[in-house]
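In: okay, here's the prediction I keep looking at, along with the sequence it came from:
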2 protein chains.
Amino acid sequence: MRNIGLIVSYDGTNYYGFQSQPSGNTIQDKIQDAIFVLSGERVRLTGSGRTDAGVHARGQVANFSSTSRIPIERWMLALNTRLPNDIVVQGMVEMPDHFHARRKAISKTYRYTINCNRNPDLFRRRYEFHHPTPLDFDAMRKALNHLLGEHDFSSFTAPQSTKPSHVRTILDVRLDIEAKCNTAHLFPDSQAVLDRDQLWYPGKQRGVIHLYITGSGFLYNMVRIIAGTLIQVGEGKIASSDMTSILASQNRAKAGPTAVPQGLTLWQVDYDDEYGKIISSGHSQ
Amino acid sequence: MRNIGLIVSYDGTNYYGFQSQPSGNTIQDKIQDAIFVLSGERVRLTGSGRTDAGVHARGQVANFSSTSRIPIERWMLALNTRLPNDIVVQGMVEMPDHFHARRKAISKTYRYTINCNRNPDLFRRRYEFHHPTPLDFDAMRKALNHLLGEHDFSSFTAPQSTKPSHVRTILDVRLDIEAKCNTAHLFPDSQAVLDRDQLWYPGKQRGVIHLYITGSGFLYNMVRIIAGTLIQVGEGKIASSDMTSILASQNRAKAGPTAVPQGLTLWQVDYDDEYGKIISSGHSQ
């Protein structure tokens, strides 16, 4: 029995999330179906974790057991020709028997993208949240830093969560302001527009920002509620320093709204060096 | 009567091109319909030129006459709320009476994007041509430079063209290798993959390239045939220096195939300073 690992990217717009559902319209179902067409095997894919409906992935990791003799270097291209074009396998690799994509994951990084230019970016509208007025990026960055470390995240998960513990550890956070390397940002703003922004939105900025959050584990909707809360910080409705009391309250009602799924991307999943080195050797194989 | 100019971006994937057709599924029809809903006027929009089915635009320019009294600063947001989300008006501005988006255009710039990484870029698959093997970028750049200046482009237009003259002037060309600022390129290639590329495709490179071509005017399919020919140069099927004899032959059969429309974007339209300054003042108004 072989244990095959894969790294997969997907545009989640048209799917009910990663994890298999009776409807079949999930990333897991599509990959399992493609494996069946290719090898005749009905495998069960294990992902590093679920992603919700409409959420994307750059580097989701999964594994499955196979008795197929197809050489590992043939798998990726063969699967990609059988998958819909919004799911792309980026690499496949033989893993040790004891590798398990979910249980062996050490941490995950999510990215949430917010565009606060006046107009949405036409060519990335499916992958960002468009907020048409400027935000205070510095205040958002300070608020984000308050989340570092071990906390009870009850304020940042859906109230129906049934997890026994809401304590999670945030290992790294980052708010990146995107360099203007994308098409829609090449339009020069007229001075009149810049002047008006200064007048109407003092201390706030336009641009595209990416929130990166790395943690040992995440609760249901946690990153989207963090993003929704940071947007309220950026709007000036919540102070950066309020993050501490929001965490302490353990009360979902104190945090901001759940931000829309399309801004969220599962960016990468990290493993111990033992597995990580093997996985990165399989990239773009 | 007011003469209103607008700059518009669109994702052409789902349309039969810019110019109005009886089916109504064109960019021009959608904008005219939105203007009707907004102002009650049945206007006729004049674009700087057509774009084909599936071709995109970053900075298409158009104008129309209106008797509406809606202040110019209200138009853009009002239109955008009434347009499908794959068409975005980037700016609107009052133009002098004698401005005409097509007749007054001095030059146009098109961009053609080719991704020759192993896998397509999932998040930009609708805006690029995926060529899964490496290309010789230097040879392509040399070939592109041969097109500069005034030439008869009969070899680079569809044979059914009925234009009285196929002489056009190319003012500027550029082949840009994209900085790796986009998601799908962040995957490190393993050394084994790099070694194999060197062995199998000597002198060729992977990456995403953008061909920018600025001209006084373009024939039907001209940029797509240039792109298709440059791809054959990059593959080593045509020498860079052959561009001169392909032009001289005035024979469509000597050039390469017509590259797929989704890689093509109408990048910008340039006007005399008199108009150009007014247009850029309207950007992101």
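Out: In hand now; what should we look at?
In: now do the helices in chain A.
Out: Ranges of helices in chain A, per DSSP state H, are A:27-39, A:72-82, A:137-145, A:191-200, A:222-235, A:242-249, A:273-282.
In: partner residues bridging the residue lying closest to residue A:95 once chain neighbours are set aside?
Out: Using C-beta to C-beta, 6 or more residues apart in numbering or on different chains and skipping residues adjacent in sequence, the residue nearest residue A:95 is residue A:5, 4.2 Å away. For every residue, glycine as well, the C-beta is placed using N, CA and C. Beta bridges link residue A:5 to residue A:63, residue A:93 when assigned by DSSP bridges.
In: isn't residue A:5 up against residue A:278?
Out: Yes: contact criterion C-beta atoms under 8 Å: residue A:5 and residue A:278 qualify, at 7.4 Å.
In: now for these two: what residues contact both?
Out: Shared contacts of residue A:5 and residue A:278 (C-beta atoms under 8 Å, 6 or more residues apart in numbering or on different chains): A:93-95.
In: write the ChimeraX selection for whichever of those residues are buried.
Out: Those of the shared contacts of residue A:5 and residue A:278 that count as buried under 16 or more other C-beta atoms under 10 Å in any protein chain shown are selected in ChimeraX with:
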select /A:93,95
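In: return the set of buried residues in stretch A:200-213.
Out: A:201, A:204, A:206-213.
In: let me fix that: stretch A:18-33
Out: So stretch A:18-33, judged by 16+ other C-beta under 10 Å, has buried residues A:18, A:20, A:26-32.
In: over to stretch A:219-229?
Out: Counting neighbours by 16+ other C-beta under 10 Å, stretch A:219-229 gives A:219-229 as buried.
In: quick check: the farthest pair among those?
Out: By the measure C-beta to C-beta, A:220 and A:229 form the most distant pair in these, at 15.6 Å.
In: where does chain A have low pLDDT?
Out: Within chain A, the ranges that satisfy pLDDT under 70 run A:180-190, A:281-285.
In: repeat that for 50
Out: A:181-186, A:285 (pLDDT under 50).
In: related to what we said a few turns ago, neighbours of the residue nearest to residue A:95, how many?
Out: Using other C-beta atoms under 10 Å in any protein chain shown, residue A:5 has 24 neighbouring residues.
In: give the contact list for it.
Out: With contact set as C-beta under 8 Å, 6+ apart, residue A:5 has these partners: A:61-63, A:92-95, A:99, A:101, A:275, A:278-279, A:282.
In: and it, how close does it get to residue A:26?
Out: 19 Å (C-beta to C-beta, to the nearest Å).
In: out of everything not next to it in sequence, what's closest to residue A:263?
Out: Excluding its sequence neighbours, the residue lying closest to residue A:263 (C-beta to C-beta, 6+ apart) is residue A:129, at 3.7 Å.
In: who's that neighbour bridged to?
Out: Beta-bridge pairing for residue A:129 (DSSP bridges): residue A:114.
In: my read is that it contacts residue A:261, right?
Out: No: assessed by C-beta under 8 Å, residue A:129 is found out of contact with residue A:261, at 9.3 Å.
In: please tell me how far the residue lying closest to residue A:104 once chain neighbours are set aside sits from chain B.
Out: Using C-beta to C-beta, 6+ apart and skipping the chain neighbours, the partner closest in space to residue A:104 is residue A:271 (5.6 Å). According to C-beta to the nearest C-beta, to the nearest Å, residue A:271 and chain B sit 15 Å apart.
In: next: residue A:247.
Out: Distance, residue A:247 to chain B, using C-beta to the nearest C-beta: 31 Å.
In: setting aside sequence neighbours, what's the nearest residue to that residue?
Out: With sequence-adjacent residues excluded and distances taken as C-beta to C-beta, 6+ apart, residue A:247 is closest to residue A:151, at 5.1 Å.
In: any idea what that neighbour is bridged to?
Out: Beta-bridge partners, per DSSP bridges, of residue A:151: residue A:168.
In: check contacts around it.
Out: Residue A:151 neighbours (C-beta under 8 Å, 6+ apart): A:167-168, A:170, A:247.
In: among those, the buried ones, what's the ChimeraX command?
Out: To isolate the buried ones among the contacts of residue A:151 in ChimeraX, judged by 16+ other C-beta under 10 Å, type:
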select /A:168,170,247
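In: so which of the contacts of residue A:151 is the closest to chain B?
Out: Closest to chain B out of those is residue A:170 (21.9 Å), distances taken as C-beta to the nearest C-beta.
In: hmm, residue A:146 and the closest one touching each other?
Out: No: assessed by C-beta under 8 Å, residue A:170 is found out of contact with residue A:146, at 9.7 Å.
In: just to revisit the earlier point, can you say which of the helices of chain A is packed in most?
Out: Stretch with highest mean neighbour count among those: helix A:222-235 (a mean of 24; mean count of other C-beta atoms under 10 Å in any protein chain shown).
In: how about the residues of the stretch 1-150 of chain A near chain B?
Out: Taking C-beta under 8 Å from any C-beta of the partner chain as the criterion, the stretch 1-150 of chain A approaches chain B at residues A:7, A:9-11, A:56, A:58-59, A:80, A:85-91, A:117-120, A:122-125, A:127.
In: if we go to 10 Å?
Out: A:7-11, A:56-59, A:73, A:76-77, A:80, A:85-91, A:93, A:111, A:117-127, A:130, A:132 (C-beta under 10 Å from any C-beta of the partner chain).
In: let me see the contact set for the closest residue to residue A:211 other than its chain neighbours.
Out: Closest residue in space to residue A:211, ignoring its immediate chain neighbours: residue A:112 at 4.4 Å, by C-beta to C-beta, 6+ apart. By C-beta atoms under 10 Å, 6 or more residues apart in numbering or on different chains, the contact list for residue A:112 reads A:128-129, A:175, A:209-213, A:223-224, A:226-228, A:230-231, A:259-260, A:263-265, A:267.
In: need the residue in chain A that's farthest from the chain's center.
Out: residue A:192 (36.6 Å; C-alpha atoms, centre = their mean).
In: just to check, it is in contact with residue B:73?
Out: Yes: using C-beta atoms under 10 Å, residue A:192 is in contact with residue B:73, at 9.3 Å.
In: residue A:230 contacts residue A:145, correct?
Out: No: taking contacts as C-beta under 10 Å, residue A:230 lies outside contact range of residue A:145: 11.0 Å.
In: any residues in contact with both of these two?
Out: When C-beta under 10 Å, 6+ apart defines a contact, the residues bordering residue A:230 and residue A:145 alike are A:175, A:240, A:243.
In: looking at those residues, which is nearest chain B?
Out: Chain B lies nearest to residue A:175 out of the shared contacts of residue A:230 and residue A:145, by C-beta to the nearest C-beta, at 17.0 Å.
In: beta partners for the closest one?
Out: residue A:211.
In: tell me who's in contact with it.
Out: Residue A:175 neighbours (C-beta under 10 Å, 6+ apart): A:112, A:114, A:137-138, A:140-145, A:209-213, A:230, A:234.
In: now with 8 Å?
Out: Shown in contact with residue A:175 (C-beta under 8 Å, 6+ apart): A:137, A:140-141, A:144, A:209-212.
In: equivalent analysis for residue A:260, please.
Out: Residue A:260 touches A:54, A:129, A:224, counting by C-beta under 8 Å, 6+ apart.
In: let's see that with 7 Å instead.
Out: Residue A:260 makes contacts with residue A:129, as judged by C-beta atoms under 7 Å, 6 or more residues apart in numbering or on different chains.
In: ok so, going back, looking at the buried residues of stretch A:219-229, which one is closest to chain B?
Out: residue A:223 (17.0 Å).
In: partner residues bridging the closest residue in space to the closest one that isn't next to it in sequence?
Out: Residue nearest to residue A:223 in three dimensions, not counting chain neighbours: residue A:110, with 4.6 Å by C-beta to C-beta, 6+ apart. On the basis of DSSP bridges, residue A:110 is bridged to residue A:213, residue A:266.
In: please tell me how far residue A:110 sits from residue A:259.
Out: 12 Å.
In: how about residue A:176?
Out: Separation of residue A:176 from residue A:259 (C-beta to C-beta) stands at 17 Å.
In: of these two, who's got more company?
Out: residue A:259 (23 against 14).
In: would you confirm that that one contacts residue A:229?
Out: No: using C-beta atoms under 7 Å, residue A:259 is not in contact with residue A:229, being 8.7 Å away.
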